[in-house]
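S.K.: got a predicted structure plus its sequence, pasted below:
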Amino acid sequence: MVGESRRTPDYDLRGLNPERRAAIEAYAGHEVLDVGCGNGAYVLHFADKFRIRGVDHQRFEAWKLRPELFEISDAQKLAFPDASFDTLLCFETLEHLPDPGAALREYLRVCRQNLILTVPNCELTPGMRGAGLIFNHWIDRTHVNFWTLDSISQQVVDAGFRVKARQHINRLNLKAMVKEALGGGASARLLSGIFQHAQRRDYFMTSLVVAEKAARS
């Protein structure tokens, strides 16, 4: 909500993610709104390519670089007319909101074409449960919503969008954990490298969904 701090302390330091950036380049229209833009990394990066704006519930120091591109806004009550933007971006925002369905319906109202969305991937495999491991976003106290790729896709559809593309991104590097478990040193580096080569399953931190505005019947 406006004025309420719901971000982790390092959020203002976060940079561009290559997979999110690629999704923007592949799917975004010319006029773009980044909802929950944080430090505005994507707004600033794409300012010379798109007509882009960013909104968040609080100001960030980096906004001073291009203050005309940013404003404070409630993600669930955007201060823009219907169909104001071709594309809405929403990266790591819905998990913080008390009513994500209301936010998605607001995004549907404001966009003309599509939505590019990411949320933490909260799928726990049998192996993770057996090892007593969970993703760190499960214990982030600012997170109040938890989705798998399937469940966030369904919520997007329920809001009135049609899913066009979806995938997991942000692959975990398990080699570092294996090396630590083996105690470090040359033999640990060798064995962790062998493990990485032999690994048959990938684990991903994030779910990405690209959805288009469904035509009304």
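M.R.: Thanks, I have it. Residues are numbered from 1 along each chain as shown.
S.K.: in the chain, where's the longest helix?
M.R.: Using DSSP state H, we find that the single longest helix of the chain is helix 185-198.
S.K.: need the contact partners of it.
M.R.: 174-176, 178-179, 182 (CB atoms under 8 Å, 6 or more residues apart in numbering). The way it works is simple: take the backbone N, C-alpha and C, and place the C-beta from them, glycine included.
S.K.: what's the mean pLDDT across whichever strand or helix holds residue 209?
M.R.: Residue 209 is located in strand 204-213, with elements delineated by DSSP states H and E. The average pLDDT within strand 204-213 is 96.
S.K.: show residues contacting that strand.
M.R.: Outside strand 204-213, the residues that touch it by CB under 8 Å, 6+ apart are 19-20, 23, 27, 92, 108, 111-121, 135, 137, 147-149, 152-153, 156-157, 160-172.
S.K.: repeat that for stretch 26-36.
M.R.: Outside of stretch 26-36, the residues within contact range by CB under 8 Å, 6+ apart are 24, 40, 42-43, 46, 50-57, 73, 75, 78, 80, 84-93, 96, 103, 107, 110-114, 116, 164-165, 210.
S.K.: and those, which of them are buried?
M.R.: Of the members of the contacts of stretch 26-36, the ones counted as buried by neighbours, 16 or more other CB atoms under 10 Å, are 24, 40, 42-43, 46, 50, 52-57, 73, 75, 78, 80, 84-93, 96, 103, 107, 110-111, 113-114, 116, 210.
S.K.: ranges for the helices of this structure?
M.R.: Secondary structure of the chain, counting by DSSP H: helices at 18-27, 41-46, 100-110, 126-131, 149-158, 174-181, 185-198.
S.K.: looking at those, which is closest to residue 63?
M.R.: Checking the helices of the chain against residue 63 by CB to CB gives helix 41-46 as the closest, at 8.8 Å.
S.K.: since that was my last question, I'll sign off now.
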